[in-house]
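A.B. asks: Below is the sequence, then the predicted model.
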Amino acid sequence: MDAFETALIRILPRLRRFAHGLTRDAADADDLTQRAAERALKSRAQWQPGTNFDAWTYRILRNLWIDTARSRQRRDKVIAPAEDAETVGAPGDAEAAAERLFLMRAMDRLPDEQREAVALVMIEGLSYAEAAEVLEVPAGTLTSRLVRGRQALAKMLGGVNDG
């Protein structure tokens, strides 16, 4: 296995978490992650050694998600969320499952731009600069989206009002 494949395998769990943050559905997240891995492997000649591999793969996943979302809008289909089914048979107690569901619903209510910023920085742990690179926006734009996303989540989750 070469360095490219090793790096791709290493980032897969993080890609999957980001995909789940975007899709809000475990099965869709798995599909999106698989498609992103396939695209990265097919496009490996386009990756430039010495550049940020993580940002490159996050961008691939995000672009695939944008294409998927546009396709769904064109088809004008409504896919029912499987929120209740996600906790069936899940390990852990019912209280933890309820908290995860509550947090997922709050994230669902964020605008896409804020949800992406929150998922990359707060969940995936990317730096502001890395997240801005993934989203292809200036650092200031990323920061404002993140601040608004955090404030909205705090309000929805009953936290302190930052305004």
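C.D. replies: Cool, the structure landed.
A.B. asks: Quickly note the distance from the residue nearest the centre of the chain to Leu61.
C.D. replies: Computing the C-alpha centroid of the chain and ranking residues by CA atoms, centre = their mean puts Phe18 first, at 2.6 Å. As judged by CB to CB, to the nearest Å, Phe18 and Leu61 stand 6 Å apart. (Each C-beta comes from the backbone N, C-alpha and C, glycine too.)
A.B. asks: Ok, Asp25 next?
C.D. replies: Asp25 is 15 Å from Leu61, by CB to CB.
A.B. asks: Same check on Leu32?
C.D. replies: For Leu32 relative to Leu61 (CB to CB), the value is 6 Å.
A.B. asks: so what sits against both of the two?
C.D. replies: Ala19, Leu22 (CB atoms under 8 Å, 6 or more residues apart in numbering).
A.B. asks: Spit out the contact partners of the spatially closest residue to Trp65 that is not a sequence neighbour.
C.D. replies: For Trp65, ignoring the flanking residues on the chain, the nearest one in space by CB to CB, 6 or more residues apart in numbering is Leu22 at 4.8 Å. When contacts are counted by CB under 8 Å, 6+ apart, Leu22 touches Ala29, Leu32, Leu61, Arg62, Trp65, Asp112, Arg115, Glu116, Ala119.
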